[in-house]
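Chemist: I need the structure of the sequence given here:
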Amino acid sequence: MLCLMVADLCFVFVSAAASGAFDREDAPNLVWPQIAASGTSLARDLTIERPGEHKNRVLSATDHLQAVEAASRSRASGKSDASVLREEPESRNVDDEDAPVVEGDGNAGLGQGGVIREVVGSEGSAGRFGEPGDGNDAVVRNGKDVGIKLPHSFDAEHKDGSDDGGENIISGMHSTGSLNSSSSQTRDATTSRDNQTRVSNSSSARHTTNRRTGQSTTSPDATVHIIKDQLTRAKTYLGFFASRGNHGFARELRARMRDIQRALGDATSDRQLPQNVHSKIRAMEQTLVKVKKIHDSCSGAVNRLHTVLHSTEQQLESNKRQANYLAQVAAKSLPKGLYCLTLRLTNEYYFTNSKNKDFPYVEKLEDPKLYHYALFSDNVLAAAVVVNSTLVHAKKPEDHVFHIVTDRLNYAAMKMWFLANPLGKAAIQVQNIEEFTWLNSSYSPVLKQLESQFMIDYYFKSGHARPDENPKFRNPKYLSILNHLRFYLPEIFPKLNKVLFLDDDTVVQRDLTALWLVDLKGKVNGAVETCRETFHRFDKYLNFSNPLIAKNFDPHACGWAYGMNIFDLSEWRKQNITEVYHTWQKLNENRLLWKLGTLPAGLVTFWNRTFPLDRSWHQLGLGYNPNVNERDIRRAAVIHYNGNLKPWLEIGLPKYRKYWSTHVDFNQVFLRGCNVNP
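Modeler: Numbering: from 1, shown residues only. Predicted coordinates for the structure are as follows:
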């Protein structure tokens, strides 16, 4: 049973690797779906045969072929199948273990004392030939009558006139017929155990092909199934030879395979096969027998499979790491179209008259009664989508004010875009982060850390990275101070009381003015919690093996989402939140409390200072999860493409891109000039 189970395992692996190691260039094109049906065949081929373990063996594929040929000849000559059995002149040697033997006393005939026994393996005979207790099963194993299945189904009258027909079994083949019950014919057809008469000659192989495939000899394509079974086993052995260097046997096996494949051709039934097909089947069977003899035991096969499996697992792990790295590279890359857009806008800005470089409605920029948005981005098109989608769904667009902060490289392009695409009565402000002179390394700990030699080496010298470290933590975007501006909102907007912070990978789907009316109950940050997902709890972001973290925070506390946050700047100033952030950032100088990123820093900074908003305000996951519920997307006020699969990248999920591209006018002159398409 162990060998059979191992062989079945072999077939699972072989099926999975069919297009790889086993599909050699010099091998013929074989039908691999037959492998599943021939699993039991290979299982028995790989079974270790020990002397004395079994007294009897089942008929081989060649035995069955001989029986088919003999039956065909008998029909042509008008003889019965019982006569064919009686006229077999050749017998095998006593040492041949694979032939069925007739057991009983030497004087007893079939149907009296003789019993044909078969080795049926771990499945048992009942499950193979019929259900237990089946009335058609005529096999009696205690010296009683034995029904023998003939290769063809026909009715024969007994000379004594008795009706003693039964269902006969030879090598797992089924048909209905009756034996002549005459005592003389029975004795002629039966030999003693000492003689051990064989049904086929001594060169036949040790496989029971028809019982493996479950085909009946009355089937018009029985021989076709034999050929396919042989081809399947041969191709499987070729896979083993490839790893062992048995080139001589491999060449012989391939030659036999080519011969039998040519004979098979496109035949689907036995009548379409050539006349010499039986000799080719016998030659193939003899080669398979030789292959089986030189093949190692089950333990050897298991060891080889373990080796191949281990090698495959290592290759798979390597491919996963490579795919992860490439995904990170793709995520932080800038598409050619967006790069072109930035260059063209920058060029246009510097050629524009200085009188036309100012935005209207500057008086609204510091009016605390209006609805103010904070957006920090270096992506022109992404920022445009956020602004456009917000104004499209705003009930009173003239009451909305957008504050965009970008870096020095993208400042001209960002400003030129909104100058070329005015927002109506809504106010907009574009600022360069370089203008914030107060934001320097002497004031901000994170700036001091980002400018340190340790950080520079970590990001730009690959030798400092551990092989098992996630490459996302080495993304240079964490070097950008734009990601940390969210912790300096009171300093950026000193005259405002509330600000709605939006990431540049979000899309607004309904009016957001109700957020300014939410009572945060003394909290500083209003955000949607992410408790439904276990990986969004504190222990997934913070290092709780550090006593400083373990002492101050709950590992099972619910995280919340950055990307759509309403901040009460008045409470922020009262509770001195910026200093809290600085304190924790200094403690994490060596990245022992958390990895780089703004969300862990936000979790510790706004611990016990966050008010949970209703989930319908903010829907996450469109940048990594292909299974976000469509209903949740439609009812969300803001959808967020957090993750690597941004909608403006080719790797973005196509099913979600439509929500983003709806707010892009691809007929805009700059987009057409840079070939930016939906």
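Chemist: Return the list of strands paired to the strand or helix carrying Pro612, each annotated with direction.
Modeler: If you go by DSSP states H and E, Pro612 is part of strand 610-613. Here strand 610-613 has these sheet partners by DSSP bridges: strand 525-528 (parallel).
Chemist: what element comes up after the strand holding Pro612 heading to the C-terminus?
Modeler: Downstream of strand 610-613 (by DSSP H and E), the next one is strand 618-619.
Chemist: partners of that next one in the sheet?
Modeler: In the sheet, strand 618-619 lines up with strand 638-640 (parallel) (DSSP bridges).
Chemist: CA atoms only for the following helix or strand past the partner strand - export them in PDB, please.
Modeler: Using DSSP H and E, the helix or strand that follows strand 638-640 in sequence is helix 654-661. This file holds the C-alpha atoms of helix 654-661, laid out as PDB (Å, rounded to 0.1, in the frame of the first residue of the first chain):
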ATOM      1  CA  PRO A 654      -8.700  47.100 -14.900                       C
ATOM      2  CA  LYS A 655     -12.000  46.500 -13.100                       C
ATOM      3  CA  TYR A 656     -11.500  49.500 -10.800                       C
ATOM      4  CA  ARG A 657      -9.800  51.800 -13.300                       C
ATOM      5  CA  LYS A 658     -13.100  53.100 -14.600                       C
ATOM      6  CA  TYR A 659     -13.900  54.900 -11.300                       C
ATOM      7  CA  TRP A 660     -10.700  56.900 -11.700                       C
ATOM      8  CA  SER A 661     -10.500  57.500 -15.500                       C
END
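Chemist: which residues are contacting helix 654-661?
Modeler: Around helix 654-661, the neighbours that count as contacts under C-beta atoms under 8 Å, 6 or more residues apart in numbering are 385, 507, 509, 622, 626, 628, 633, 639, 641, 647-648, 678. To be clear about C-beta, it is placed using only N, CA and C from the backbone, and glycine gets the same treatment.
Chemist: With respect to Phe487, which of these is nearest?
Modeler: Tyr641 (22.7 Å; C-beta to C-beta).
Chemist: so where do the strands sit in the stretch 451-600 of the chain?
Modeler: In the stretch 451-600 of the chain, the segments counted as strands under DSSP state E, counting those that start in this stretch are 498-502, 506-508, 525-528, 564-568.
Chemist: Quick one: closest of the ones you listed to Glu435.
Modeler: strand 498-502 (18.2 Å).
Chemist: Can you give the strand pairings for the closest one, parallel or anti for each?
Modeler: Paired strands of strand 498-502, with direction, are strand 371-376 (parallel), strand 564-568 (antiparallel) (DSSP bridges).
Chemist: of all those, which lies closest to Glu579?
Modeler: Across the strands paired with strand 498-502, closest to Glu579 is strand 564-568 (C-beta to C-beta), at 15.9 Å.
Chemist: packing partners for whichever strand or helix holds Lys235?
Modeler: Assigned by DSSP H and E, Lys235 belongs to helix 222-242. Applying 3 or more C-beta pairs under 8 Å, 6 or more residues apart in numbering; DSSP states H and E, we find helix 222-242 packed against helix 2-16, helix 34-37, helix 39-45, helix 61-77, helix 209-213, helix 247-264, helix 277-294.
Chemist: give me that answer again for 7 Å
Modeler: Contact analysis of helix 222-242 by 3 or more C-beta pairs under 7 Å, 6 or more residues apart in numbering; DSSP states H and E lists helix 34-37, helix 39-45, helix 209-213, helix 247-264, helix 277-294 as its packing neighbours.
Chemist: Done for today, thanks.
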